[in-house]
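1. need the 3D shape of this:
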Amino acid sequence: MGIVKKRKAVDAKIDKNKVYSLKEASSIVKDVNATKFDSSVDLHIRLGVDPKKADQAIRGTVILPHGTGKTKRVLVLCNPDKEADAKNAGADYVGLDEFIQKIEGGWVDVDVIVATPSVMPKIGKLGKILGPRNLMPNPKTGTVTNDVAAAVNEVKGGKIAFKVDKAGIIHASIGRISFSPEKITENSTELINAIIKAKPSSAKGTYLKSVFMATTMSPSIPVDTKSLIN
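-> Sure, this is the predicted structure:
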């Protein structure tokens, strides 16, 4: 079967005139997956907010009950007194000045960066590099803390950060295609509930405008937003 025919066969499994429950989408996403590798399952959530307004720039964290299915590489930037705690908790990289230099040279081969408050003045200059990659430590996401061990344990245990982009959309990976539909549903529910709880009082009108689920290379599946709110 050619690529075009395969794509048509996959697309035919999704009713263009229907929105699906989260449970249905979690099953269908496995049926329409076209990759041979264990691809990421992602949610794309459009919110009725104005990200230009500080109080509507939604961001936060949530611990997915089944993790992301990916082992996250964690860098802890700290002074020597916290290095042992970070290493014992399972941080992949620990240090300060040498990693600041590496990042300035273009190295960003990590998924999460945790930092202690005392070293933030040194890290501030890395904002232009780390900010666009969502790697800049931030107190709101729990990545600026003195308890580096707890922060590393949470990340390794399935904690993810979410942030609305300039278009008012949150993109987040909630698992892998090898997950069961039940795990995909439960992880998705946890993320969506966290986003609903983060709704600012200043946001007017419809908050959850649209939700789509998709794998790395599959067609997207529209999810019924009314059922999510209820």
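2. where along the chain do the helices fall?
-> For the chain, helices defined by DSSP state H occupy the ranges 3-11, 22-31, 80-89, 97-104, 120-123, 127-130, 148-156, 181-197, 225-229.
3. most packed of those helices?
-> Comparing these by mean neighbour count (mean count of other Cβ atoms under 10 Å), helix 148-156 ranks first with a mean of 21. Yep, even glycine has a C-beta here, placed from its N, CA and C like the rest.
4. ok, now which ones touch the residue nearest the centre of the chain?
-> Centroid-nearest residue in the chain, with Cα atoms, centre = their mean: residue 172, separated by 3.7 Å. The contact partners of residue 172, taken as Cβ atoms under 8 Å, 6 or more residues apart in numbering, are 42, 43, 45, 160, 162, 191.
5. and residue 13, by the same measure?
-> Counting by Cβ under 8 Å, 6+ apart, residue 13 has contacts 28, 31, 32.
6. distance check, residue 147 against residue 136.
-> Noted for residue 147: a distance of 19 Å to residue 136, by Cβ to Cβ, to the nearest Å.
7. between these two, which is the more surrounded one?
-> Ranked by neighbour count (other Cβ atoms under 10 Å), residue 147 and residue 136 place residue 136 first, with 20 against 15.
8. surely the more buried one touches residue 126?
-> Yes: with contact defined as Cβ atoms under 8 Å, residue 136 and residue 126 form a contacting pair (7.2 Å).
9. pull the contacting residues for residue 124.
-> So residue 124 contacts nothing (Cβ under 8 Å, 6+ apart).
10. pLDDT wise, what is it at?
-> Residue 124 carries a pLDDT value of 93.
11. next one: the one 5 residues further on
-> For residue 129, the model assigns a pLDDT of 96.
12. with adjacent residues omitted, what lies nearest to it?
-> Spatial nearest neighbour of residue 129, chain neighbours left out: residue 103 (5.9 Å); criterion: Cβ to Cβ, 6 or more residues apart in numbering.
13. can you read off the pLDDT for that neighbour?
-> The score at residue 103 is 97. That number is its pLDDT.
14. wait, what's in contact with it?
-> Contacts of residue 103 (Cβ under 8 Å, 6+ apart): 126, 129, 130.
15. let's see that with 10 Å instead.
-> For residue 103, the contacting residues are 75, 77, 109, 110, 113, 123, 125, 126, 129, 130, 135, by Cβ atoms under 10 Å, 6 or more residues apart in numbering.
16. cool, and residue 90?
-> Counting by Cβ under 10 Å, 6+ apart, residue 90 makes contact with 71, 74, 149, 152, 153, 155, 156, 157.
17. among those residues, which one has the lowest pLDDT?
-> Lowest pLDDT among those: residue 71, 88.
18. so that one sits against residue 111, correct?
-> Yes: the pair residue 71 and residue 111 passes the contact test of Cβ atoms under 10 Å, sitting 8.8 Å apart.
19. shared neighbours of the two, anything?
-> With contacts defined as Cβ under 10 Å, 6+ apart, the residues shared by residue 71 and residue 111 are residue 92.
20. so between these two, which is more surrounded?
-> Taking other Cβ under 10 Å, residue 71 and residue 111 do not tie; residue 111 has more neighbours (18 against 11).
21. go ahead and confirm the more buried one touches residue 72.
-> Yes: in this structure residue 111 lies within contact range of residue 72 using Cβ under 10 Å: 4.1 Å.
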